[in-house]
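> With the input below, show me the fold.
(chains A and B)
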Amino acid sequence: MSPASSKVAASSKIAHLQKRAAFLHDARAFFHKRSVMEVDTPALCQFPAIDSAIQVIELANSSQDQKTPSQNRYLHTSPEYGMKRLLALGIGDIYQLSHVFRKDEIGQFHNPEFSMCEWYRMGWELKPFIEEVLEFIELFIGKKPREFLTYEKAFIKYLQVSSLESFSILAEVANARGCSSILSHDEVLDFLFGELEKELPQDVIVVVTDFPPSKAALSEVCLSEDGNWVAKRFEIFYRGIELANGYQELTDPAEQKRRLQAEAKKYQEIHGKDLPVDHLFIEALEEGVPPCCGVACGFDRLVMLGLDLGDLFNILPWSWSEA
Amino acid sequence: MAQVGTNEMRAGLKIEVEGEPYTIISNEFVKPGKGQAFNRVKLKHLKTGRVVEKTFKSGEKFDLADVEDSKMRLLYKESDGVVFMDDTTFDQVTISNEIIGDKAQWLMEEVLYDVVFYKGEPIEVNPPTFMEMTITDTAPGVRGDTSGRVLKAAVTDTGAKIQVPIFVEEGEKIKVDTRTGTYVSRV
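Next comes the predicted model:
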């Protein structure tokens, strides 16, 4: 890069980082105003969050650790477990704004180390909670029209196929849309959801609710009005980019343990690694976490969209290849 | 054949998908709804030139296409093809007019061309970026406008039809950009 153009690039980056700092300030003010307290649970933990679709970065434990001489530690992929353990102590409404780490996720809108804003509201119902998340998002992108759809309705509207169709029909649709890999039923739904994201309107905030139970993750599953089991999970999109992933949180320790063990098995099958189930997290659920809603927002993406930019480069002080 | 994973796919890399050779144009990493990650890859078929977009499961592996580039000298034209020779090995190959396609307008004896081979068979012939050729047919030169912006039709000795400035005469030698088929300068 020529000296002249690198000077322009530097001042552009600085301008973006100044705006990023302002957004960080606004985010904290948002929670302060609502009496949601900031916490900073650790990033390097004995137990990883287990999700077969999210690869965990593993590091050797400190050789000086005599209390927990476990072999390895894991960089958190979200502050969820640490925060829920605090919820079990009765801490009340909390938020965390921190870096999280996901191996091998690099792209226009993915940096393996990125900033997440996650928070929990005790005793809140899902609908008003979604409203609060939308208000948070609008801090960055301004007031926008909203569209609310269930997962199934979104499939019908934007893909013209029901998400409840047979696997063979869904696979056919996927093939017609350029999917060239052999996929399982769950993976076909993921692929089609990606195609759906491409079709979303550009200047509307889209909220998708009522996910299939197989995609419940850490959310409660219940019967919907039309008699189908759905996960009380929501995702929020703007310009086809996912900005938030939230739940009516699962608080039943037995069900949570079962799900973690199932995910650990899947993780082993896909990545060939055995991940230990976080017994401290399960014990906290056994102590009792009150009913609550929670959400994780991609802070970097919110800044990117807030500045009307097309990728994460330059709103991160140093992106992955420069860090 | 060496393999490459979806996450290593960069523009310019040549891979085989379902037995067909492609060159990668772009690669986008996507992760819909927290599930399986995918790579949306734009590919250009090496033989037909057709561009397609395919989505693969992230991490899937593909064979690198057995593609090689060779600089070869055009020896002479025959009725059904053109004979090229490798200066170092003295290997000769006849490439059909069909494969040469519209590059035929840039064929000139003794010039070095970039020949692309797939699995040992020639599939593409590329001329040097700039070539010098003689105007064989054009309207008489007009004096006056020396800016070079006013153009007229001309044909060169290789059979290329290009636009040249109006002051250029028949029999003159000019430099041409073969990528765009445009006049660059007089020689």
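> after the helix or strand encompassing A:Glu195, next one along is what?
Element membership of A:Glu195 [criterion: DSSP states H and E] is helix A:185-199. Downstream of helix A:185-199, the next assigned helix or strand under DSSP H and E is strand A:205-209.
> who's in contact with that following strand?
A:126, A:130, A:134, A:137-138, A:141, A:144-151, A:154, A:200, A:232-238 (Cβ atoms under 8 Å, 6 or more residues apart in numbering or on different chains). In this view, the C-beta of every residue, glycine as well, is placed from N, C-alpha and C.
> Restricted to helices, list the residues you listed.
A:Leu126, A:Ile130, A:Leu134, A:Ile137, A:Glu138, A:Ile141, A:Tyr151, A:Ala154 (DSSP state H).
> CSV please, covering these and showing neighbour count and distance to chain B.
Listed next are the ones in helices among the contacts of strand A:205-209 as CSV, based on neighbours: other Cβ atoms under 10 Å in any protein chain shown; distance: Cβ to the nearest Cβ, whole Å:
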residue, neighbour count, distance to chain B
A:Leu126, 17, 18
A:Ile130, 21, 16
A:Leu134, 16, 19
A:Ile137, 21, 17
A:Glu138, 15, 22
A:Ile141, 17, 21
A:Tyr151, 23, 9
A:Ala154, 25, 10
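> from the residues you listed, which is closest to B:Arg179?
A:Ile141 (42.0 Å; Cβ to Cβ).
> near chain B, which residues of chain A?
A:51, A:53-54, A:104-108, A:110, A:177-181, A:183, A:186-187, A:189-191, A:193-194, A:196-197, A:211, A:215, A:217, A:235, A:242, A:245 (Cβ under 8 Å from any Cβ of the partner chain).
> In ChimeraX, select just the buried ones from those residues.
Remark: buried members of the residues of chain A next to chain B, expressed as a ChimeraX selection using 16 or more other Cβ atoms under 10 Å in any protein chain shown:
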select /A:51,53,54,105,107,110,179,180,181,183,186,187,189,190,191,193,194,196,197,211,215,217,235,242,245
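> and the one helix or strand A:Lys157 maps to, what does it pack onto?
A:Lys157 belongs to helix A:151-159 when assigned by DSSP H and E. Applying 3 or more Cβ pairs under 8 Å, 6 or more residues apart in numbering or on different chains; DSSP states H and E, we find helix A:151-159 packed against helix A:185-199, strand A:205-209.
> Give me the spatial nearest neighbour of the spatially most central residue of chain B, chain neighbours excluded.
By Cα atoms, centre = their mean, chain B has its centre lying nearest to B:Asn126, at 4.3 Å. Sequence neighbours aside, B:Asp114 is the residue nearest to B:Asn126 in space, at 4.1 Å (criterion: Cβ to Cβ, 6 or more residues apart in numbering or on different chains).
> So the residue nearest to the centre of chain B sits against B:Leu107, correct?
No - using Cβ atoms under 8 Å, B:Asn126 makes no contact with B:Leu107, being 11.6 Å away.
> Enumerate every residue touching A:Leu149.
Here A:Leu149 is in contact with A:Lys157, A:Val206, A:Val207, A:Val208, A:Thr209 (Cβ under 8 Å, 6+ apart).
> Give me the distance between the first one and chain B.
What that stands for is A:Lys157. According to Cβ to the nearest Cβ, to the nearest Å, A:Lys157 and chain B sit 16 Å apart.
> Not counting the helix holding A:Lys157 itself, show me its contacts.
Contacts of helix A:151-159 (Cβ under 8 Å, 6+ apart): A:149, A:161-164, A:173, A:192, A:195-196, A:199-200, A:206, A:208-212, A:228, A:230.
> filter those residues to the buried ones?
Neighbour counting with 16+ other Cβ under 10 Å marks A:149, A:161, A:163, A:173, A:192, A:195-196, A:200, A:206, A:208-212, A:230 as buried within these.
> just to revisit the earlier point, which stretch in the helices and strands packed on helix A:151-159 is the model least sure about?
For the helices and strands packed on helix A:151-159, the weakest mean pLDDT is recorded on helix A:185-199, namely a mean of 94.
> Quick one: low-confidence residue ranges for chain B.
B:144-145, B:148 (pLDDT under 70).
> Flag every residue of it that's near chain A.
Checking chain B against chain A by Cβ under 8 Å from any Cβ, the hits are B:7, B:17-18, B:28-38, B:40, B:52-58, B:60.
> Please pick the buried ones from the residues you listed.
B:7, B:17, B:29-38, B:40, B:54-58.
> ok, B:Ala2 - contacts?
B:Asp63, B:Leu64.
> Next, count neighbours for the nearest residue to A:Ala171 once chain neighbours are set aside.
Of all residues not flanking A:Ala171 in the chain, A:Val188 sits nearest, at 5.5 Å (Cβ to Cβ, 6+ apart). Close neighbours of A:Val188, defined as other Cβ atoms under 10 Å in any protein chain shown, add up to 24.
> which residues does A:Val188 contact?
A:Val188 neighbours (Cβ under 8 Å, 6+ apart): A:Phe167, A:Leu170, A:Ala171, A:Ala174, A:Cys179.
> now, which of those residues sits nearest chain B?
Each of these was checked against chain B using Cβ to the nearest Cβ; the closest is A:Cys179, at 5.0 Å.
> beta partners for the closest one?
B:Thr55 (DSSP bridges).
> contacting residues around it?
A:Val188, A:Phe191, B:Lys54, B:Thr55.
> Between those residues, which sits nearest B:Ile135?
Nearest member of the contacts of A:Cys179 to B:Ile135, counting by Cβ to Cβ, is B:Lys54, at 45.2 Å.
> shaky segments in chain A?
Using pLDDT under 70, the flagged stretches of chain A are A:1, A:69.
> Buried residues, the top helix by length along it. List them.
Counting residues, the longest helix found in chain A (DSSP H) is helix A:3-33. Residues A:Lys13, A:His16, A:Arg20, A:Phe23, A:Ala27, A:Phe30, A:Phe31 are the ones in helix A:3-33 that count as buried (16+ other Cβ under 10 Å).
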